[in-house]
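*Asks:* starting from these lines, generate the structure:
(chains A and B)
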Amino acid sequence: MTTAVLEVENLSKRFGGFVALDDINLCVAPGERVGLIGPNGSGKSTLVNCLCGTLATQSGRVRFDGQPVDGLSAHQRTRLGMARSFQLPRPFHSMTLADNVRVPLLYAVAARAGARLTAENIEARCAELLGLVGLDAKARRWPRDLTQVEMRKLELARAIAAEPKLLIADEAMAGLSHSEVDDLLGLLVRLNEAGITIIMIEHIMRAVMSFSQRLIVLVSGRKIADGVPQDVLRDPEVERAYLGQ
Amino acid sequence: MRSAIFFILAVAVGAAIFAFCQLINNEYLFFAGYVVLQYVVLATAWNILGGYCGYVNFGTAGFFALGAYCTVAIHKLFPIPLPLNMLIGGLVSGTVGLGTGYLTLRLRGAFFSIATLALAVVVQTLITNWDFVGGARGAYVIRPAHAPLLGSYIEYLFVLQLALAVVAVTAARAIERSRLGYGFATIRDDELAAEASGVPTLRLKLIATTLSGALMGMAGAPLPYYVGYLDPSSGFNLAYAVNSIAMPLVGGTMTWIGPVIGAILLGAIQQIATVTISSAANLLIVGVVLVAFVIIAPNGIVGLIETQLRKNPT
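*Replies:* Coordinates of the predicted model:
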């Protein structure tokens, strides 16, 4: 058996007395496309923050690519190959779009490669990354000139720029039109075919269902289902969480 | 333009400034020029942390006076050439900067600023109670009658501060255009996103606090020889902190040239006001100019020019 890209064992996170994540166990195989769903406040984004090192966990272990990452800071995990997009876009406001995607190239990719990338390589790669999400025409513009939708695309481009093994897309598609969702889905599938494992957190069920090979459901900080999407949606517990009794 | 070429140009500009002052042949010009140059260094140093990283330091006076008091202590123990004093002052203030960075690494925004203000107060209290460097009485530092190479001691001080300004500005400009500069800017914009992009924010913050502190200490090291008598209330004067914040804000915090413009402008106005109106008008002028700029040009002179250029691309 090949080693899992991501292994989570007994992960728990509390905020004071509130249990945000309760004993989560999950495993993601290389090249998988996993959908993570759950009602608002179920702990999806907290899980992402714990996986990526933004939040410290109380207990449990996270292994990435066979290597324990507990205690590593967020930037170290990014350098290992774990990248995320933020639910609310967080662009670098004082930089052009090209410079926004340049940062992970300078810091994550260059650190991994050991040698410095040449300036020309980085320049070309910035244009290529913005082209992937259809923002190449605005490379010299600032994030303030973008629409919300474009900012989500920039967010995704910046995460991809880190050349991750595992990409966690936290609601990258919220607010996008039908055709734009299809565009991004196409992009994510292409990235997946190029070998990137992807965890997609999404409320748009059409997108999740067409994308995911496996579906994980969080409710109130607990994992209540994990399996083939069609089966998971028929699970009575999942139905109860989404539709009420 | 490469940093080496810029450095050569900066040296040339420095040499031209010195030659011009020589030509005017008025000692007072060196006295006043020294203060302006000292502020060019302080404003540039402040901007590395405050402008590039977005961490507002209210404790400039602490780092600056620490450099000055290193010189006082060394002067009493075993006088050494002033350039060496500047290196030691930079080393000590840089180390304190590193320590400040470690202690305040979890603090952001106003909390960080208050911590730096507290640091300055702590250092001032320590110095005030340290009898060896004069304590609250202050210390006299008798300047040597002759300076190496130049003869006139004030010209010597001027040249040293000029050289430091050239080095500081070149360093700030090099940082701005480097990988480090991008990292600093991500810290200013969004630390969470910076970490997610692989930027080691803590390490970069420590580099910034160390570098900024070291330059401030170096700028302060010649002060005892400039004033001849140093006491805590003048060394730790709030004016240093206020000026080193106001100058980059007036000039513009995003680029290396902003603090230089701000320091020359405000520094020169203050020097002129000191002779023509009164020395008490100094801080009043800084305050009025700062308020005016916050209202008219929140991004400083450089920001104002950039906006104009964008409106009229011709």
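
*Asks:* now do the buried residues in the helix or strand that contains residue B:110.
*Replies:* Assigned by DSSP states H and E, residue B:110 falls within helix B:109-128. When neighbours are counted by 16 or more other CB atoms under 10 Å in any protein chain shown, the buried residues of helix B:109-128 are found to be B:112-113, B:115-117, B:119-120, B:123-124, B:127-128. (C-beta placed from N, C-alpha, C; glycine too.)

*Asks:* same list, those residues, but as a markdown table with distance to residue B:195 please.
*Replies:* A markdown table is the format used below for the buried residues of helix B:109-128 (distance: CB to CB, whole Å):
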| residue | distance to residue B:195 |
| --- | --- |
| B:112 | 18 |
| B:113 | 22 |
| B:115 | 22 |
| B:116 | 23 |
| B:117 | 27 |
| B:119 | 26 |
| B:120 | 30 |
| B:123 | 31 |
| B:124 | 35 |
| B:127 | 38 |
| B:128 | 41 |
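
*Asks:* for those residues, which one is nearest chain A?
*Replies:* For the buried residues of helix B:109-128, the residue nearest chain A by CB to the nearest CB is residue B:112; the value is 18.9 Å.

*Asks:* the closest one: what's it in contact with?
*Replies:* Counting by CB atoms under 8 Å, 6 or more residues apart in numbering or on different chains, residue B:112 touches B:55-57, B:104.

*Asks:* excluding chain neighbours, what is closest to residue 80?
*Replies:* No chain in the question, so chain A it is. Nearest residue to residue A:80 in three dimensions, chain neighbours excluded: residue A:64, at 5.9 Å (CB to CB, 6 or more residues apart in numbering or on different chains).

*Asks:* hm, I was asking about chain B
*Replies:* Spatial nearest neighbour of residue B:80, excluding adjacent residues (CB to CB, 6+ apart): residue B:74 at 6.1 Å.

*Asks:* the helix or strand encompassing that neighbour to helix B:109-128, inter-axis angle?
*Replies:* Residue B:74 is part of helix B:60-77 when elements are defined by DSSP H and E. Here helix B:60-77 runs at 20 degrees with respect to helix B:109-128, directions being taken by axes from the mean of the first three to the mean of the last three CA atoms, to 10 degrees.

*Asks:* for helix B:60-77, buried residues please.
*Replies:* Under 16+ other CB under 10 Å, the buried positions of helix B:60-77 are B:60-75.

*Asks:* with stretch B:127-140 instead?
*Replies:* If you call a residue buried by 16+ other CB under 10 Å, then stretch B:127-140 has these buried ones: B:127-128, B:133-134, B:138-139.

*Asks:* for the chain, which spans come out with low pLDDT?
*Replies:* With no chain named, the answer covers chain A. With pLDDT under 70 as the threshold, chain A has low-confidence stretches at A:1-2, A:113-116, A:243-245.

*Asks:* actually chain B
*Replies:* Within chain B, the stretches with pLDDT under 70 are B:1, B:313-314.

*Asks:* all strands of it, in order?
*Replies:* Residue ranges of the strands in chain B, as given by DSSP state E, are B:139-140, B:229-230.

*Asks:* okay if I get those strands as JSON lines plus distance to chain A?
*Replies:* Output for the strands of chain B, formatted as JSON lines (distance: least, CB to the nearest CB, whole Å):
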{"stretch": "strand B:139-140", "distance to chain A": "44"}
{"stretch": "strand B:229-230", "distance to chain A": "39"}
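
*Asks:* would you turn those into TSV with distance to residue A:44?
*Replies:* Written out in TSV, the entries for those read as follows (distance: least, CB to CB, whole Å):
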stretch	distance to residue A:44
strand B:139-140	63
strand B:229-230	60
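
*Asks:* mind listing the strands for chain A?
*Replies:* For chain A, strands defined by DSSP E occupy the ranges A:6-15, A:18-28, A:33-37, A:59-64, A:67-68, A:82-85, A:166-170, A:197-201, A:214-219, A:222-227.

*Asks:* out of those strands, deepest packed?
*Replies:* Mean neighbour count (mean count of other CB atoms under 10 Å in any protein chain shown) peaks for strand A:82-85 among these, with a mean of 28.

*Asks:* off-centre distance for that one?
*Replies:* Using CA atoms, centre = their mean, to the nearest Å, the mean C-alpha position of strand A:82-85 is found 5 Å from that of the whole chain.

*Asks:* what does it contact?
*Replies:* Contacts made with strand A:82-85 from outside it, assessed by CB under 8 Å, 6+ apart, are listed as A:6, A:48, A:51-52, A:64, A:69, A:104, A:108, A:152, A:155-156, A:158-160, A:162, A:164-170, A:172, B:196.

*Asks:* next step: the residues you listed restricted to helices.
*Replies:* Among the contacts of strand A:82-85, the ones falling in helices (DSSP state H) are A:48, A:51-52, A:104, A:152, A:155-156, A:158-160, B:196.
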